[in-house]
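> Attaching a predicted model along with its sequence, questions to come.
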2 protein chains.
Amino acid sequence: MIERIAILGTGLLGTSVGLALRAAGYKGSITGWNRTPEQGKVALSMGAIDALVPDPLEAARESQVVLLAVPIYATLDLMEQLSGFLGPDQLVTDVGSTKAQIAAAAGRLFNTPERPAFLPGHPMAGKERGGAAIADATLFRGAVWIFTDDPSCVRSPQSAELAKDWREQVVAMGSRTIDLDPARHDELVAWVSHLPQFTATALSALLEEEVGNAPELKHVGGRALREMTRLGASPWSMWRDIALTNTEAVEKALFALEQRLAYIRENLRTPELRDEFERANRFRRE
Amino acid sequence: MIERIAILGTGLLGTSVGLALRAAGYKGSITGWNRTPEQGKVALSMGAIDALVPDPLEAARESQVVLLAVPIYATLDLMEQLSGFLGPDQLVTDVGSTKAQIAAAAGRLFNTPERPAFLPGHPMAGKERGGAAIADATLFRGAVWIFTDDPSCVRSPQSAELAKDWREQVVAMGSRTIDLDPARHDELVAWVSHLPQFTATALSALLEEEVGNAPELKHVGGRALREMTRLGASPWSMWRDIALTNTEAVEKALFALEQRLAYIRENLRTPELRDEFERANRFRRE
């Protein structure tokens, strides 16, 4: 049974996890840390954490489960620090959007019977803006929470139990868990998450140049335009590490979409356009 | 005062106009026609029309305002038939998504003191699927309804008055009206409406090929993926005439997006990515 959790990084995701744990009936302690104390204070005032401490290692020291909810390179930094600091009966897990580098670091730094355990995780939930203030106890409800664990790693019985318990907490927060190989994860999210984001960014940036100087015309497009550009509000700071740690898969997906758009452009007057619409219709039919 | 309206085409848009007119307090008659009687019967049962007649000219004959709510080529066909059939005190208007060809036909066939009047219109509202059954009295609320009228045309005083009254009905349905030149309209909607649609179609068709055979993975993307592919459900039959009547502007917009995606792809590891995100952020900041 998990009774002491630390959340390192109380932005949108970390704070939402704290709220979702409470909403799911978790009764233990939640200690929080954030790089800038302002976000930590917001999380504290919302009840997502019970205590805010100024040092991530101090927050992690006495916890059974340490959740890393910071950008990917910050996650890799904290993994370096925590692997030698925590004991074999403690579990570290994360919410990072790319998993190959994090899973590799987990294998190098964690997951022997003498070391702390690391369970790489990725909830497929978020918003186009960040911050504790817009955290939501229901953010993970109905979402898929992917784990990219190494099934061959050997953990202490205690931390192996904690990994099992954390998966149960994730289900209690309303998510459905899926297990994937880290490389397959990164390839998949390039298609279903990163490509939609970069497409919305490209479309929004293009429209800013084409109609941005005519504000009365920006809103002509209605709901369709709003939806297709909502992710255009996503800040670069949230996506920089993803672009840097999943570059090849994202390049491949972007190139494929460029070709697809060219195919439609060349076939606006041919029956091939119908086939393309029908293929798209199939994707939406489940 | 408009007291007799005909709606030719009782699909999603035509039926929604009927419902919205009633919701806005319109007390006159609404006669409906549809190419297939099934959709007409649905519109009748929903109260969007009071009478369903089997012939479009019969429906139009006694009406003051005739709304064409059919695809673009069908609109052009009905314009040919109606121009010689109706009198100078009658107004025809439409909801077609491209306006250059329709406005040209209006100039050729209507809008002299001896002929019926034609007011080209385009409500920026719709859904990714069609049909009377999903019609909605609130569809036009908050939407922009564009008119591409020729300010130099000379109409009979009666039909000029009807054109003014129809604009007031549009406002009463909750829309904001904008006047644009037909060519400028077609160029603008290529950016803010047609490009988002063809992008969603391309993205959905691509994802169908990449992850369509793994249904459990199609839903991993969450809300962002759902939004970015919702328009992928749009049927070709709704978009064929748009692709054929606004080809050049759509080609230009698609090509620009292809280049934009390539630019992002080539800059995933450079500071230019930040600039592109900031440009996209600006589009969403109003």
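That came through fine.

> The nearest residue to A:Asp150 once chain neighbours are set aside and chain B, how far apart?
Using CB to CB, 6 or more residues apart in numbering or on different chains and skipping residues adjacent in sequence, the residue nearest A:Asp150 is A:Gly107, 6.0 Å away. From N, CA and C alone the C-beta is placed, and that goes for glycine too. Here the criterion is CB to the nearest CB, to the nearest Å. By it, A:Gly107 lies 24 Å from chain B.

> Hmm, A:Gly107 is touching A:Val154, no?
No: between A:Gly107 and A:Val154 there is no contact under CB atoms under 8 Å: 11.7 Å.

> Which one's more surrounded, these two?
A:Gly107 (16 against 10; other CB atoms under 10 Å in any protein chain shown).

> Could you look up the SS state of the more buried one?
helix (DSSP: H, G, I helix; E, B strand; the rest coil).

> State the distance from it to A:Pro123.
Taking CB to CB, to the nearest Å as the measure, A:Gly107 falls 22 Å from A:Pro123.

> can you check A:Arg108 too?
Following CB to CB, the distance that separates A:Arg108 from A:Pro123 is 24 Å.

> Same check on A:Gly221?
Taken as CB to CB, the span from A:Gly221 to A:Pro123 is 31 Å.

> Kindly report the same for A:Glu216.
The value you get for A:Glu216 to A:Pro123, if CB to CB is used, is 39 Å.

> out of the two, which sits in the busier spot?
A side-by-side neighbour count of A:Glu216 and A:Pro123, using other CB under 10 Å, places A:Pro123 first with 23 against 10.

> which residues does the more buried one form a beta bridge with?
Beta-bridge pairing of A:Pro123 under DSSP bridges involves A:Trp145.

> Settle this for me: it is touching A:Val95, isn't it.
Yes: assessed by CB under 8 Å, A:Pro123 is found in contact with A:Val95 at 5.6 Å.

> got any residues that touch both of these two?
A:Leu13 (CB atoms under 8 Å, 6 or more residues apart in numbering or on different chains).

> What ranges does the stretch 1-150 of chain A have for its strands?
A:4-8, A:29-33, A:51-52, A:65-68, A:91-94, A:117-119, A:121-123, A:144-147 (DSSP state E, counting those that start in this stretch).

> name the helices or strands packed onto the shortest one?
Going back to what we said before, that points to strand A:51-52. strand A:29-33, helix A:37-46 (3 or more CB pairs under 8 Å, 6 or more residues apart in numbering or on different chains; DSSP states H and E).

> Quick check: neighbours of the first one in the sheet, parallel or antiparallel?
It stands for strand A:29-33. strand A:4-8 (parallel), strand A:51-52 (parallel).

> Spell out which parts of the stretch 51-200 of chain A neighbour chain B.
A:124-126, A:128, A:143-144, A:146, A:178, A:188-189, A:191-193, A:195-200 (CB under 8 Å from any CB of the partner chain).

> Go again with 10 Å.
Counting by CB under 10 Å from any CB of the partner chain, the stretch 51-200 of chain A comes close to chain B at A:122-129, A:142-146, A:176, A:178, A:180, A:184-185, A:187-200.

> Please check the residues you listed and keep the buried ones.
With neighbours counted using 16 or more other CB atoms under 10 Å in any protein chain shown, these contain these buried positions: A:122-128, A:143-146, A:176, A:178, A:180, A:185, A:187-200.

> Take the residues you listed and keep only those in helices.
A:His185, A:Glu187, A:Leu188, A:Val189, A:Leu195, A:Pro196, A:Gln197, A:Phe198, A:Thr199, A:Ala200 (DSSP state H).

> list the contacts for A:Asp165?
Contacts for A:Asp165 (CB atoms under 10 Å, 6 or more residues apart in numbering or on different chains) come out as A:Met1, A:Ile2, A:Gln64, A:Val65, A:Leu91.

> brain fart, A:Val95
Contacts of A:Val95 by CB under 10 Å, 6+ apart are A:7, A:9, A:11, A:13-14, A:16-17, A:67-70, A:75, A:120-123, A:125-126, A:140, A:145.

> again, but for A:Leu91
Contacts of A:Leu91 by CB under 10 Å, 6+ apart are A:2, A:5, A:63-67, A:110, A:116-119, A:155-156, A:158-166.

> what about the helix or strand containing A:Arg223 and chain B, touching?
Element membership for A:Arg223, per DSSP states H and E: helix A:222-229. Yes: judged by CB under 10 Å from any CB, helix A:222-229 and chain B are in contact via A:Gly222, A:Arg223, A:Ala224, A:Leu225, A:Arg226, A:Glu227, A:Met228, A:Thr229.

> Which helix or which strand is home to the nearest residue in space to the last one that is not next to it in sequence?
Right, the one you point to is A:Thr229. Excluding the flanking residues, the one nearest A:Thr229 by CB to CB, 6+ apart is A:Ser204, at 4.4 Å. A:Ser204 belongs to helix A:195-211 when elements are defined using DSSP H and E.

> Need phi/psi at A:Tyr26.
phi -60, psi 130 (degrees, to the nearest 10).

> Leaving out the residues flanking it, which one is nearest to it?
A:Gln169 (6.8 Å).

> Let's see the pLDDT reported for the closest residue to A:Ile146 other than its chain neighbours.
Residue nearest to A:Ile146 in three dimensions, not counting chain neighbours: A:His122, with 4.6 Å by CB to CB, 6+ apart. Per-residue confidence (pLDDT) for A:His122: 98.

> you'd agree A:Gly130 is up against A:Met238?
Yes: between A:Gly130 and A:Met238 a contact is recorded at 6.0 Å, counting by CB atoms under 10 Å.

> burial of A:Ser63, as a residue count?
With other CB under 10 Å as criterion, A:Ser63 counts 23.

> I'd guessed it sits against A:Ile49; true?
No: the pair A:Ser63 and A:Ile49 fails to qualify as a contact (CB under 10 Å) at a distance of 11.6 Å.
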